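Engineer: let's see this in three dimensions:
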Amino acid sequence: MENVKQKSSYRAVLKEKNYLIFIMANLISRFGDSVDCIAYEWMVYKITNSASLMALIFGVNAIPTMVLQPFAGVLVERFNKKKVIVLCDFGRGITVLIIALLYLSGKLTVPMLFISTVINSTFEAFRSPAASAVTPLLLSKENYSYGMSLFASSSRIVEIVGLAAAGTIIGLFGVASGVIIDAASFIICGSIVLFINYEGDIIEKVKINLHSYFSDLKAGLVYLKDYKLLLNMVLLTPVINLLLVPFNTLALVYINSSLHLGAEAYSAINIVLTIGLACGNFLVPKIKEKVKGIYLLVSSGVLLGICYGSYYVLVNFSHPFIPVMIFSFGIGFAAGIMIMQLNVAFMERIDNSYIARTTGIMGALSMSSTPLGSFIVGGICLVFSTNQIFLLMGILTAIFFVAQLCNKSLRQL
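Structural biologist: Numbers count the residues shown, from 1 in each chain. I've put the predicted structure just below:
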């Protein structure tokens, strides 16, 4: 008698107790990150009083991910994933708390900011592949789509709440309070994860040395090379980030110089963009049931290109606020669909023993696209206006995704 495949749904995910606890722990951490996003920028600016130093500190933040994450992914596979997550969360919490206390005492210096940034990012470089590798141990494979979508969309909602609360918290209790909240959220997250029980953690019983390490890293690269669909998905992620770099770096300039709107409009756009991401994340499982994978990817990419390029015409509007909100939601919605679709497809197909290694490689590639894109944007800004750049990127984005119809590997999505 044939087994009937259980139909997945958000209701089915709610029965996955361990995964829900994991989501709750990470949402607490996400709230702290969102508050800290505002508080930390203010703190850094007060200490450095320099826009260039601020940019340099946030640039340094990306280095550990780019350099260490492929190597971290290999090492993570040799340890208990839960312990790695807990250790990294506690490490980040303690590091952030020390920075807050140094700030309150008036002893925080610029070199300390650089050092703490590198330490925190290093913890994150190890935590990210560990969190990816632990997901199959907490969530049934048939619920990947709905479970990961619930996680991502919930994170977006908490992000909005955190950003909205940050102003009030900082206004009432000062900049350090936002940083302390972030430190507490890391420690609470790690404490909750510590009490999650699961079985089936694959731990490589190999002595740690350079030979075995590089052997495992090579095995991960060969695995990706031979699995063409996974390789295409890994390469597609940094390309998407690269296409969005002009939007992420020039949106403020566009809002202020091209549309002549203020800080309130820029804040509103970020909120609407995040809502779009949450909606896209949430609806992916339902849309996937009706639209074939490659067509969903291409159509969301074309929608992203259309909304992206439409920013060009808004400079001619006398009241551009509502239209820019609509197109910003569209960008978020399209990006949310394609990113979640790729993440779910990746997790559904990959062998569990390679998750940490391959996600480490993908994370490093994805992060490296940001400085590369920023360098390119800096050059083209000398030739084109901001709205012209958005038009060109919109056209390029749409063409790129339509071209994926000819990608034989991605047609297996």
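Engineer: what residues go with each domain of the protein?
Structural biologist: 13-205, 219-412 (automatic domain parsing).
Engineer: need the ones you listed in JSON lines with mean pLDDT, distance to Tyr213 and mean neighbour count, can you?
Structural biologist: For glycine as for every other residue, the C-beta is placed from the backbone atoms N, C-alpha and C. Converted to JSON lines, these look like this (pLDDT from 0 to 100; distance: least, CB to CB, whole Å; neighbours: other CB atoms under 10 Å):
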{"stretch": "domain 13-205", "mean pLDDT": "89", "distance to Tyr213": "6", "mean neighbour count": "19"}
{"stretch": "domain 219-412", "mean pLDDT": "90", "distance to Tyr213": "11", "mean neighbour count": "19"}
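Engineer: of the ones you listed, which is nearest Ser212?
Structural biologist: Nearest to Ser212, of all the domains of the chain, is domain 13-205, at 8.5 Å by CB to CB.
Engineer: and the helix ranked longest in the chain, what other elements does it pack with?
Structural biologist: The longest helix of the chain (DSSP state H) is helix 17-48. In terms of contacts (3 or more CB pairs under 8 Å, 6 or more residues apart in numbering; DSSP states H and E), helix 17-48 is packed against helix 51-60, helix 81-105, helix 110-138, helix 144-173, helix 175-194.
Engineer: can we see that at 6 Å?
Structural biologist: Helix 17-48 is packed against helix 51-60, helix 110-138, helix 144-173, helix 175-194, with contacts defined by 3 or more CB pairs under 6 Å, 6 or more residues apart in numbering; DSSP states H and E.
Engineer: between those helices, which one is closest to Val253.
Structural biologist: Nearest of the helices and strands packed on helix 17-48 (CB to CB): helix 51-60, 13.8 Å.
Engineer: which elements pack onto the next helix or strand after the closest one?
Structural biologist: Following helix 51-60 in sequence order, the next helix or strand is helix 63-76 (DSSP states H and E). Judged by 3+ CB pairs under 6 Å, 6+ apart, helix 63-76 is in contact with helix 110-138, helix 210-226, helix 355-380.
Engineer: could I get those as JSON lines with distance to Val291?
Structural biologist: Listed next are the helices and strands packed on helix 63-76 as JSON lines, based on distance: least, CB to CB, whole Å:
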{"stretch": "helix 110-138", "distance to Val291": "24"}
{"stretch": "helix 210-226", "distance to Val291": "27"}
{"stretch": "helix 355-380", "distance to Val291": "24"}
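Engineer: residue ranges of the helices in the stretch 201-350 of the chain, please?
Structural biologist: 210-226, 228-253, 263-288, 293-310, 321-349 (DSSP state H, counting those that start in this stretch).
Engineer: kindly reformat the helices and strands packed on helix 17-48 as TSV containing distance to Met66.
Structural biologist: Formatted as TSV, these follow (distance: least, CB to CB, whole Å):
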stretch	distance to Met66
helix 51-60	11
helix 110-138	9
helix 144-173	23
helix 175-194	22
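Engineer: ok, Phe346 - contacts?
Structural biologist: The contact partners of Phe346, by CB atoms under 6 Å, 6 or more residues apart in numbering, come to Met233.
Engineer: same question, Ile169
Structural biologist: Counting by CB under 6 Å, 6+ apart, Ile169 touches 177-178.
Engineer: report the separation between it and Ala125.
Structural biologist: 28 Å (CB to CB, to the nearest Å).
Engineer: one more: Val245?
Structural biologist: Applying CB to CB to Val245 and Ala125 gives a distance of 21 Å.
Engineer: do Gly262 as well
Structural biologist: Using CB to CB, Gly262 is found at 37 Å from Ala125.
Engineer: same deal with Leu102?
Structural biologist: Plainly put, Leu102 is 23 Å away from Ala125 if you go by CB to CB.
Engineer: ditto for Ser155
Structural biologist: 19 Å.
Engineer: same deal with Gly276?
Structural biologist: Relative to Ala125, Gly276 is positioned 29 Å away (CB to CB).
Engineer: cool, Ile157 as well?
Structural biologist: From Ile157 to Ala125 the distance is 26 Å (CB to CB).
Engineer: same question, Arg411
Structural biologist: Taken as CB to CB, the span from Arg411 to Ala125 is 33 Å.
Engineer: again with Ser385
Structural biologist: 37 Å.
Engineer: can you check Val315 too?
Structural biologist: Applying CB to CB to Val315 and Ala125 gives a distance of 41 Å.
Engineer: again, but for Leu236
Structural biologist: Leu236 is 22 Å from Ala125, by CB to CB.
Engineer: and what of Ser149?
Structural biologist: 25 Å.
Engineer: for Lys82, same thing?
Structural biologist: 18 Å.
Engineer: what does Leu259 give?
Structural biologist: The value you get for Leu259 to Ala125, if CB to CB is used, is 38 Å.
Engineer: kindly report the same for Glu264.
Structural biologist: 36 Å.
Engineer: likewise Ala72?
Structural biologist: Ala72 sits at a distance of 5 Å from Ala125 (criterion: CB to CB).
Engineer: residues shared between the contacts of those two?
Structural biologist: Here Ala72 and Ala125 share no contacting residue, scored by CB under 6 Å, 6+ apart.
Engineer: which of the helices of the stretch 201-350 of the chain sits closest to Thr370?
Structural biologist: helix 228-253 (6.2 Å).
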